[in-house]
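Chemist: just coords:
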């Protein structure tokens, strides 16, 4: 169950981040409301997941998958460019998360 909560936290965080881009500097009310609600819901799910998972590796997973999700969403929704160096950076982030989890895992105790 904590991994489902973490997945939901990531999904809401990515949605909020992409809505921030679509809010055009908070000048569009609909996307701006999605930003506020999305981050609030994301933090609630993250807090719930952290009742049974370790904060370091979980935050690494959350931020890494959020970064990848925002990158992919930017490409798909806003026609942002895909550059080899950007893809390499994304791969490095994922590798870092894997190394963190190998070093300590994500369950408390």
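Modeler: On my side now, so go ahead. Note that the structure is predicted; figures quoted are calculated from it, not measured.
Chemist: Look up how far residue 48 lies from residue 70.
Modeler: As for residue 70, its distance to residue 48 is 22 Å (criterion: Cβ to Cβ, to the nearest Å). Bear in mind the C-beta positions are built from the backbone N, C-alpha and C, glycine included.
Chemist: May I see the buried residues of the host helix or strand of residue 98?
Modeler: In this structure, residue 98 sits in helix 84-104 according to DSSP states H and E. Neighbour-count burial for helix 84-104 flags 90, 93, 97, 100-101 (criterion: 16 or more other Cβ atoms under 10 Å).
Chemist: same thing with stretch 34-45?
Modeler: 34-35, 38-39, 41-42, 45.
Chemist: how far does it sit from the chain's center?
Modeler: 11 Å (Cα atoms, centre = their mean, to the nearest Å).
Chemist: ok, now stretch 34-54?
Modeler: 11 Å.
Chemist: follow-up on the earlier one: could I get the buried residues of stretch 34-45 as JSON lines with secondary structure, pLDDT and distance to residue 61?
Modeler: Shown next, in JSON lines, are the buried residues of stretch 34-45 (DSSP: H, G, I helix; E, B strand; the rest coil; pLDDT from 0 to 100; distance: Cβ to Cβ, whole Å):
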{"residue": "34", "secondary structure": "helix", "pLDDT": "98", "distance to residue 61": "23"}
{"residue": "35", "secondary structure": "helix", "pLDDT": "98", "distance to residue 61": "22"}
{"residue": "38", "secondary structure": "helix", "pLDDT": "98", "distance to residue 61": "18"}
{"residue": "39", "secondary structure": "helix", "pLDDT": "98", "distance to residue 61": "18"}
{"residue": "41", "secondary structure": "helix", "pLDDT": "98", "distance to residue 61": "18"}
{"residue": "42", "secondary structure": "helix", "pLDDT": "97", "distance to residue 61": "13"}
{"residue": "45", "secondary structure": "helix", "pLDDT": "97", "distance to residue 61": "13"}
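Chemist: Excluding residues flanking it in the chain, which one is nearest the residue positioned nearest the centre of the chain?
Modeler: Geometric centre of the chain, nearest residue: residue 66, 2.0 Å, by Cα atoms, centre = their mean. In space, residue 66 comes closest to residue 13 once its chain neighbours are excluded; the distance is 4.9 Å by Cβ to Cβ, 6 or more residues apart in numbering.
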